[in-house]
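>>> following is a predicted model, sequence given first.
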Amino acid sequence: MSGTWQLTTMNVNGLRAATRKGFPAWRDKLKTDALLLQELRMQTDQFKPEHAPPAGWGGIRSQAVKKGYSGVACWTQLPVRSATVDPGVPRAVDEGRWAQVETPEATLVSLYVPSGSSGEERQGIKDIFSDDLLPAFDRLAADNGVAAVCGDINIAHTERDIHAPKRNSKNSGFLPHEREWMSRLLDRGWIDLWRQFNPDAQEYTWWSNRGQARAKDRGWRIDYVLVTPALAERATACWIEGREPALSDHCAIHATFQRA
């Protein structure tokens, strides 16, 4: 056993679609100990071996009641002490937005925050969900101390986290009150791990399917590895995979940590 362990998080934008684009081969090459996925958009009866975690892995998956919608998973080869899909937040269970496992190294959560881009109603739902999340983050930090919440937060925090910030200043995902929510979360002690390792860099985790955004690297950084200070102290690296391979409109983020 090495002295470090690794986690990987990615919004796959439909696991069946990602599978057709090479997800299984990519997954099998990963030297990771935990794989946290968002937007699987699958029900249990649709799963085939190529959609499952590696043999011998444990974890938990949460699916939405609505077919073809949302869904998250937290799969790991670390020993799983407990698992839940309910953080005590409305919509989290019915919409498949939270998957949590407790391991000897850390408590790990795969999180998918709603998008508000389709209109005012969805933006309102996103805002309520986000506000309801803050106590869940507080409980997680207080109960476990060593924790990582990873996934698609659907917010670019600063102007360094988005292409053309002025043009997007009135768009969902970069609205002033959303960015302020992100600041409030970090003020509670949670750490944006990639930004900690890359304080001046400008890299992205999501690209629109329009206007050759991925080819031109005109993206947003809306996916995060958020960790408590106790886990941040053990972190040795955190990096964004980049535009290739294009398994989704998002890309993966990886982080490594010293073992407890």
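All right, it came through fine.
>>> residues in contact with Ser169?
Residues in contact with Ser169, defined by CB atoms under 8 Å, 6 or more residues apart in numbering, are Leu175, Pro176. Where C-beta positions appear, they are placed from N, C-alpha and C, glycine not excepted.
>>> sec struct for Arg195, please.
At Arg195 the chain is in helix, as set by DSSP: H, G, I helix; E, B strand; the rest coil.
>>> can you give me the helices in the chain?
With helices called from DSSP state H, the chain shows them at 15-20, 23-29, 120-144, 176-187, 193-197, 229-232.
>>> can you redo the ones you listed as CSV with mean pLDDT?
Converted to CSV, those look like this (pLDDT from 0 to 100):
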stretch, mean pLDDT
helix 15-20, 97
helix 23-29, 94
helix 120-144, 95
helix 176-187, 98
helix 193-197, 98
helix 229-232, 97
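>>> kindly reformat the ones you listed as CSV containing mean neighbour count.
Putting the helices of the chain into CSV (neighbours: other CB atoms under 10 Å) gives the following:
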stretch, mean neighbour count
helix 15-20, 19
helix 23-29, 15
helix 120-144, 16
helix 176-187, 15
helix 193-197, 19
helix 229-232, 18
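>>> and the strands in the stretch 1-150 of the chain, which stretches?
4-11, 34-38, 58-62, 72-76, 82-84, 98-102, 107-112, 147-152 (DSSP state E, counting those that start in this stretch).
>>> how about the ones you listed, which one is nearest Glu159?
strand 147-152 (20.0 Å; CB to CB).
>>> and the helices of the chain as JSON lines, adding distance to Gln43?
Below are the helices of the chain laid out as JSON lines (distance: least, CB to CB, whole Å):
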{"stretch": "helix 15-20", "distance to Gln43": "11"}
{"stretch": "helix 23-29", "distance to Gln43": "18"}
{"stretch": "helix 120-144", "distance to Gln43": "22"}
{"stretch": "helix 176-187", "distance to Gln43": "30"}
{"stretch": "helix 193-197", "distance to Gln43": "32"}
{"stretch": "helix 229-232", "distance to Gln43": "33"}
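>>> of all those, which one is nearest Val85?
Short answer: helix 120-144, nearest of the helices of the chain by CB to CB, at 12.3 Å.
>>> who does that closest one touch, helix- and strand-wise?
Other helices and strands packing on helix 120-144, by 3 or more CB pairs under 8 Å, 6 or more residues apart in numbering; DSSP states H and E, are strand 98-102, strand 107-112, strand 147-152, helix 176-187.
>>> can I get those in a markdown table with distance to Asp223?
Converted to a markdown table, those look like this (distance: least, CB to CB, whole Å):
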| stretch | distance to Asp223 |
| --- | --- |
| strand 98-102 | 15 |
| strand 107-112 | 10 |
| strand 147-152 | 5 |
| helix 176-187 | 13 |
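>>> quick one: closest of those to Lys21.
strand 147-152 (17.8 Å).
>>> just checking, what packs against that closest one?
strand 4-11, strand 34-38, strand 107-112, helix 120-144, strand 223-227.
>>> in JSON lines: those, plus distance to Ser82.
Shown next, in JSON lines, are the helices and strands packed on strand 147-152 (distance: least, CB to CB, whole Å):
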{"stretch": "strand 4-11", "distance to Ser82": "18"}
{"stretch": "strand 34-38", "distance to Ser82": "15"}
{"stretch": "strand 107-112", "distance to Ser82": "9"}
{"stretch": "helix 120-144", "distance to Ser82": "10"}
{"stretch": "strand 223-227", "distance to Ser82": "19"}
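>>> mind listing what Thr256 touches?
Thr4, Trp5, Gln6, Ala235, Thr236, Ala237, Cys238.
>>> for the residue lying closest to the fourth one once chain neighbours are set aside, give its distance to Val225.
Read it as Ala235. In space, and not counting its chain neighbours, Ala235 is closest to Phe257: 5.3 Å by CB to CB, 6 or more residues apart in numbering. Distance of Phe257 to Val225, given as CB to CB, to the nearest Å: 10 Å.
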